[in-house]
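Asker: no FASTA, just this:
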């Protein structure tokens, strides 16, 4: 009985891993495909979305991330760089640049990551991944948090989601201060 369950779980794990890989793996191409698809790729590049170049005046602060979730969590060194990258990508997408000198304090206040094997094998039965942060910028405090309980999204996606929410909170502070700055001049 245990052996049969182990084989079933292993088969499901391998099948789901192969499925996820099949969705992300590039398709094999032959020389004929390359010749035919080059004009199509050029047409897609011309019609595709154009990256917005940041305007010098539109800046958001860089993030100074540290952990303060007491003994409830263990520090994961991969989380801060994932948040910073997703935050910078979101800023660039909306025409903002990340400041080199001005910073916003981000404190990780809640963090829990399911073991990846348990997440894939058991899905929501394995619990949920959680990430919560507190952002302090110009004496204003905001929060951003999210969780995933499904088996498809892990901590990388969760960091991206929290970074996007953090970006939105910081931009709200920046936009609220813009009228004050223009009236002061």
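Answerer: Alright, I've got the coordinates. Note that the structure is predicted; figures quoted are calculated from it, not measured. Numbering: from 1, shown residues only.
Asker: ok, then the element right after the least confident helix or strand in the chain by mean pLDDT?
Answerer: Sorting the helices and strands of the chain by mean pLDDT, DSSP states H and E puts helix 31-47 at the bottom, at a mean of 39. Tracing the chain C-terminally past helix 31-47 and defining elements by DSSP states H and E, one meets strand 59-67 next.
Asker: what lines up beside that next one in the sheet?
Answerer: strand 97-112 (parallel) (DSSP bridges).
Asker: What lies in contact with the partner strand?
Answerer: 54-56, 58-69, 72-74, 76, 79-80, 83, 87-88, 91, 127-137, 143, 145, 166, 170 (Cβ atoms under 8 Å, 6 or more residues apart in numbering). In this view, the C-beta of every residue, glycine as well, is placed from N, C-alpha and C.
Asker: and what of stretch 162-174?
Answerer: By Cβ under 8 Å, 6+ apart, the residues outside stretch 162-174 that reach it are 59-61, 63, 82-87, 90-91, 94, 96, 104, 106, 131-133, 135, 137-138, 140, 142-146.
Asker: mind listing the strands for the protein?
Answerer: Taking DSSP state E, the strands of the chain run over residues 59-67, 97-112, 129-137, 140-148.
Asker: How about the backbone phi and psi for the closest residue in space to residue 177 that isn't next to it in sequence?
Answerer: Sequence neighbours aside, residue 138 is the residue nearest to residue 177 in space, at 6.7 Å (criterion: Cβ to Cβ, 6 or more residues apart in numbering). Dihedral angles of residue 138 (phi, psi; degrees, to the nearest 10) stand at phi 50, psi 50.
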